[in-house]
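Colleague: Fold the following for me, if possible:
(4 chains)
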There are 4 protein chains.
Amino acid sequence: MSTHENTITLLISCPDKPGIVSAVSSFIHQHNGNILESDQYSTNHDDSTFFMRISFAEDSFKLTPSELTSAFQRVAVQFQMHWNVNYSRIRKRVGILVSKYDHCLVDLLWRWKMGELEMDIPFIISNHPDLESIANMYTIPFYHFPVKRATRQEDERRMLDFIGDQVDFLILARYMQILEQFFVEAFPRRIINIHHSFLPAFIGASPYNQAFQRGVKLIGATAHYVTNNLDEGPIIEQDVIHCNHRDSVEDLIRKGRDVERRVLAEAVRLHTSNRVLVYENKTIVF
Amino acid sequence: MSTHENTITLLISCPDKPGIVSAVSSFIHQHNGNILESDQYSTNHDDSTFFMRISFAEDSFKLTPSELTSAFQRVAVQFQMHWNVNYSRIRKRVGILVSKYDHCLVDLLWRWKMGELEMDIPFIISNHPDLESIANMYTIPFYHFPVKRATRQEDERRMLDFIGDQVDFLILARYMQILEQFFVEAFPRRIINIHHSFLPAFIGASPYNQAFQRGVKLIGATAHYVTNNLDEGPIIEQDVIHCNHRDSVEDLIRKGRDVERRVLAEAVRLHTSNRVLVYENKTIVF
Amino acid sequence: MSTHENTITLLISCPDKPGIVSAVSSFIHQHNGNILESDQYSTNHDDSTFFMRISFAEDSFKLTPSELTSAFQRVAVQFQMHWNVNYSRIRKRVGILVSKYDHCLVDLLWRWKMGELEMDIPFIISNHPDLESIANMYTIPFYHFPVKRATRQEDERRMLDFIGDQVDFLILARYMQILEQFFVEAFPRRIINIHHSFLPAFIGASPYNQAFQRGVKLIGATAHYVTNNLDEGPIIEQDVIHCNHRDSVEDLIRKGRDVERRVLAEAVRLHTSNRVLVYENKTIVF
Amino acid sequence: MSTHENTITLLISCPDKPGIVSAVSSFIHQHNGNILESDQYSTNHDDSTFFMRISFAEDSFKLTPSELTSAFQRVAVQFQMHWNVNYSRIRKRVGILVSKYDHCLVDLLWRWKMGELEMDIPFIISNHPDLESIANMYTIPFYHFPVKRATRQEDERRMLDFIGDQVDFLILARYMQILEQFFVEAFPRRIINIHHSFLPAFIGASPYNQAFQRGVKLIGATAHYVTNNLDEGPIIEQDVIHCNHRDSVEDLIRKGRDVERRVLAEAVRLHTSNRVLVYENKTIVF
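Modeller: Sure, this is the predicted structure:
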C-alpha cells in the first residue's frame, strides 16, 4: 500500500501473552494516532514469541519522538518487549558495496531515483574502480577501497573506519569479497547480500556453474542478512526462473541477472519500509 | 498458518475513524480472548471504509456466542459496523453444482477429504447424471436436476426449493448453466464460480477457443462471486499458465484444467476460512 | 502439440558431425514419412555429442517396424548412433509404487483416465495396504509387498521377480523405501521418482522440516530418474511455490502436495511421449 | 543456447507437404553447413502451412550470400516458400521511440550494452526532450520530434522521412502516441510495442486504472507487433505479476514497470535472433 502521509512504525517482539495488541493499539489511540497497518505473528511453541509491526499516521499523533519513547517504555517493560520506532520522514541511510558486476547496482539506483526505495545513499564503495561512472550518473560519491588477500584485515578495517556511523545498513550488490568477522559484527542483521542461487542449493563459489553441472530446471537468487556463516544468514526474499538443457553457463548468468536484481531490490524495499524482523536464523516479513 | 485450536473470527467493515483497532482488541482482551491473527485495510478515499479480520482463541474466551453478540453490539453501534462472527468449530456447509467436467469436483473432494477445506458438503447437484459415481466414492448425496432451456425458470426454482437452508454457500465447479436472477439473489456473495479464463479477458463462452484465436502466450482461470452480470462479479483468486503456438485448443483445455482446479480450491479455502470481504465489486482477501 | 494420428518417433544420440539431420530426414522422406516434429541439441564441447528427436506420421510410411529397424541401421552405423524407435500406438507399460500418501497416485490416475498420459498400468505395488481402494476405483490390480528393514534385500527381490518384464518403466509416487542397487539397475533410467524438495536443496529425509528450519521463501519438488546415489539422478522437471513465515511444517506439506503431483505428472507425460534423453547425469527434454 | 560462432538462419513458410525438412537439410549439408538448431511447426488444418527456422554454421559453408540466395531459390520454388536469410554477423538495426517513461528504455540500453541484444541502435526518437540524457549516456543520437494532435499526420510524415531506411525495425518503448496508418504500413510486422496489460484484457488507455477498478489479482504486460488495429496485433510475449487489494494504482504502476521492461526485452531478444514468425494474427516463436 502506498501512502503519502508521514507514518510512525513500531516493530515489537516479546514473549506471547494475552493483551499485547490491545495495549499497543490503545496506547496509539490514546495519543491520537490513527492505525494504518497492523501485522502480528506468534511462533507456535510452548515458549512462544510474539512479533508485531504497527503503523500509524504521524500528523495527528500528540507525542514528540522523545515523549513517545519514554511513554511507550512503560508498555514495553510490562510485556518485556524488544522494540524500535521508525519515522517515515527520516529515511534510512545505506552504503552500497560493489565489485565489477553492474546489474544490481544499476537497478537499485534506477529504482531509487524512481522513488521505489525510501533511502539516502551517502556513498558507494568498491574494491575495483570499474563502476565509478555509474555512481557519477547519480552523483553519489564513489570510493575505491582495494582489498588484497594478504592485507584483507587492514583493508576492511580502513573501510569500516571510513564508513563509521554514516549509514544505517549496507547492501552487498554483488560485492565479491568475503567480509571479516569484525566487519559483519559491526552491522548485525544490517548487511543485505544477494547470493546468486536458490539457497541452500549451491552454497559458495560459482553457483551457476554448479547449477549447470547438476542440470537443474530452475535457477534462483536469494537475498539474506549476512552472518559469519557464509550464505547461511536469515533469508529475506527468494525467486527462481526456468531454464533448460539449451542454457549454457553464460545463459544461466544472463537469466540469473534478472532474478538477482529483482530479488535484491525487493529485499531492500522490505528492509527500508521496516517490514523485516529476524527470529533466530529466519525472517518474519510483514 | 495452521492452528489446531478452536478460534473465533470477527469480520468487520465500517467508516474509517481513529480508535477502531483499539476498541476491538480491547473488547477481546477484556473477555480473555488471545488474539491470534489480525488484519486490516482502509480504502484511501475522502470517505474511506475500514475492513478488519481478527481471530482469537475460543478456549479462554469468557463469553458464550449469544453473550458475545450482545456485548459486541455496543462496540459495533459506536462505529456503525457491519460485522459477523465465525466459530472455527462450526464448519460452513456448502452445496456443489457440477455438469459433466469432473476435474474441479475431483480436486475439491480430494482436498476436502485431506482436511484442506474446512466445510461440510450436504449434497452435490448436477444437471447431468455423469458424475454421480464420484459423489458416491465420497458418500455424498448426489441429485440430478435436469435443466431445460424452455423451463429453466421452473427447473431452477425447484432446485432452489430443494436447497432451502441446507447450505451457507454454493460452489459452481464448472456448472455449465447460467443462473437466473432470483437464484443468484438467494445467495448474495455466496456463490463461487470458476471461469476458465483470466478475466476480464475472454468473457462468455468458449474462452479457450477465444484464447487460441487471439494467440495469447498465457492462459488463466478466475474464481469469483456470482452476480447478475455474467463473469463480472468480485474476483477472489486468479492464476495463469504459459502456453505457446504448439498448443492446440485441446492442449489449452488440458493445461487449463490444472489452473482451474487450483484457483477454485484456493478461493474456496479462503472463503471457508473467512478471509474474503467484498467491497463494491472487489474483494479484500486477508 | 496434440496429434491424433499414429506417429513414429526416433530418439538418437551420436558424436556430432555434419550431415546427421540431412541423413535422418532424407531417410524418413525416402520412405514416405511426413516429419511432424524435429528437435536437436548438441553439447558444445570439443568432443561434442548430438541428440535428436524426430517424429513422423506412421500412416504413409512405407516400412514395417522390422524393415525400419534394419534399414535405419545403415544410417546408424555410419554415424555411430545410439537410437531407438517408438510407435505411438504402442503405449508404454508402467508400474506404480506407492506407500501411504495418496496425492500423487490420485492425480496420476485421474490424468491417465482423462487421456493426458499415454500409458498402460498393469499394476500398482505398495508396501502398505492403505491405497488399495484407489486402485480399485480405476480397476487396476493392487499388490501389497511389505518391506521390512531386516529383509529388504529378499523383499525387493521378490517384488522384482513379480514385476519381471510386465512394464517398460516404474513410477515412485511417494514410495517411501530406498531401493536396493540391484533393483535400480534392473531399470536403468527407467524409474521416475518425485522428491519433495527443490534439489539439490534438502537432500534426504524430511525436506519440508529442513525447509522450515532454514526459513526459505519458496518450496519445490523435483522429478528425476533414480540412480544409486540418493536424490542425485538426472532431473527431469522441477517447480516451486512461494511460502512465508506463517507457513508451519504442515502448511509446507499441504502446499508441497500441489507442486509434487504437478511436477511428477509432467515428468511422466514427458517420459511417455519420448521427450527425455539422458546425457551424463543430466536430461535433455525436447 | 549461446553460440559464439557466426551462423546463418533461414526462416521459411510454405504449404505443408512431405520432403521439406529433407530438402532444406540436404541443401545445407551439400554446401558444407553444419546444422546447429532446427525448429518446425505445421498448422493442423486441411490446408496446412509449414514453418521452419534452421540455423547453421557460416564458417564451413561454401556459398557466398548471393550464391546462397540463387541456389536456395530452386528449393524455394519447388515448395512455394516464403523465406529469408539472416547472417548473425550482420546485426539488425533498430530505432527506439519513447516519450517520458524511462524504465523500458533504460532496461533495453543496459541489456544492449551487456551484449544481451544483438542489434545496432542508430537513433532514439522522442516526442518529448526528457530522456535525452539517457541516450547521451550510451552515446546514441537522440532526436526530438514533437507530435501535436492537430498536425500529427505531418509530424509523423517528417519522422518517417527522417527514419528512411536507417533501420530494420522499430521499438515503441512506452511511446505514448498512436501511429498513423501510413507509418505502421511502412514497417509491417516490424514495429514492436509494449502494452501495459495482459491483452486482450484492458485494451486502450490507462490499463492500470482499469485493472484497479476491476479488482484483478494479477497484472500483466504484452509485447506485440503493431498493426492498424489498436492493441490487436500479433502477440510475441506476455507475463504477469501478482497483486492484491492493498495495491493502489501507483503500486500497480510500480509493479507493472518490472513486467513491462522484462516482456519487452524478451520480445526484442526473440525478434533480433530471428525466432518470431507471424501467421495470420498470431506468432510462432521458435
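Colleague: Would you confirm that A:R275 contacts A:V268?
Modeller: No. With contact defined as CB atoms under 8 Å, A:R275 does not reach A:V268; the gap is 11.0 Å. Bear in mind the C-beta positions are built from the backbone N, C-alpha and C, glycine included.
Colleague: And those two? Which one has more around it.
Modeller: Using other CB atoms under 10 Å in any protein chain shown as the criterion, A:R275 and A:V268 rank with A:V268 on top: 29 against 19.
Colleague: Close to chain C: what parts of the stretch 1-150 of chain A are there?
Modeller: A:Y41, A:N44 (CB under 8 Å from any CB of the partner chain).
Colleague: Helix or strand: which one has A:Q238?
Modeller: In the assignment (DSSP states H and E), A:Q238 maps to strand A:235-242.
Colleague: what's the spacing between the nearest residue to A:T69 once chain neighbours are set aside and B:V276?
Modeller: Nearest residue to A:T69, sequence neighbours excluded (CB to CB, 6 or more residues apart in numbering or on different chains): A:V85, at 6.9 Å. A:V85 is 34 Å from B:V276, where distance means CB to CB, to the nearest Å.
Colleague: Looking at these two now, which is surrounded by more residues?
Modeller: Neighbours were counted for A:V85 and for B:V276 using other CB under 10 Å; B:V276 has more, 21 against 14.
Colleague: residue contacts, A:H128?
Modeller: With contacts defined as CB atoms under 8 Å, 6 or more residues apart in numbering or on different chains, the neighbours of A:H128 are A:S99, A:K100, A:H144, A:P146.
Colleague: May I ask which helix or strand encompasses whichever residue of the stretch 1-150 of chain A sits closest to chain C?
Modeller: With CB to the nearest CB, the shortest gap between the stretch 1-150 of chain A and chain C falls at A:Y41, namely 6.3 Å. In this structure, A:Y41 is located in strand A:35-42 according to DSSP H and E.
Colleague: Might you report the residue contacts of A:R89?
Modeller: Going by CB under 8 Å, 6+ apart, A:R89 touches A:N6, A:E58.
Colleague: sorry, that was for A:W83
Modeller: A:L10, A:L11, A:I12, A:S13, A:C14, A:F72, A:A76.
Colleague: do the same with A:A186
Modeller: Counted by CB under 8 Å, 6+ apart, A:A186 has contacts A:L160.
Colleague: quick one: low-confidence parts of the stretch 1-150 of chain A?
Modeller: A:1-4, A:45-46 (pLDDT under 70).
Colleague: Export the helix or strand following the strand holding A:Q238 to CSV, keeping only CA atoms.
Modeller: Counting by DSSP H and E, the next helix or strand C-terminal to strand A:235-242 is helix A:249-272. The C-alpha coordinates for helix A:249-272 follow below in CSV (Å, rounded to 0.1, in the frame of the first residue of the first chain):
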residue,chain,number,x,y,z
VAL,A,249,26.5,-21.3,-18.2
GLU,A,250,26.5,-17.9,-19.9
ASP,A,251,22.7,-18.2,-20.5
LEU,A,252,22.2,-19.0,-16.8
ILE,A,253,24.3,-16.0,-15.8
ARG,A,254,22.2,-13.8,-18.2
LYS,A,255,18.9,-15.2,-16.9
GLY,A,256,20.2,-15.0,-13.3
ARG,A,257,20.9,-11.3,-13.6
ASP,A,258,17.2,-10.7,-13.9
VAL,A,259,16.3,-12.7,-10.8
GLU,A,260,19.2,-11.3,-8.8
ARG,A,261,18.4,-7.7,-9.3
ARG,A,262,14.7,-8.2,-8.7
VAL,A,263,15.2,-10.2,-5.5
LEU,A,264,17.8,-7.8,-4.1
ALA,A,265,15.6,-4.8,-4.8
GLU,A,266,12.6,-6.4,-3.2
ALA,A,267,14.7,-7.2,-0.1
VAL,A,268,15.9,-3.7,0.2
ARG,A,269,12.4,-2.3,-0.3
LEU,A,270,11.2,-4.6,2.5
HIS,A,271,14.0,-3.6,4.8
THR,A,272,13.7,0.1,4.2
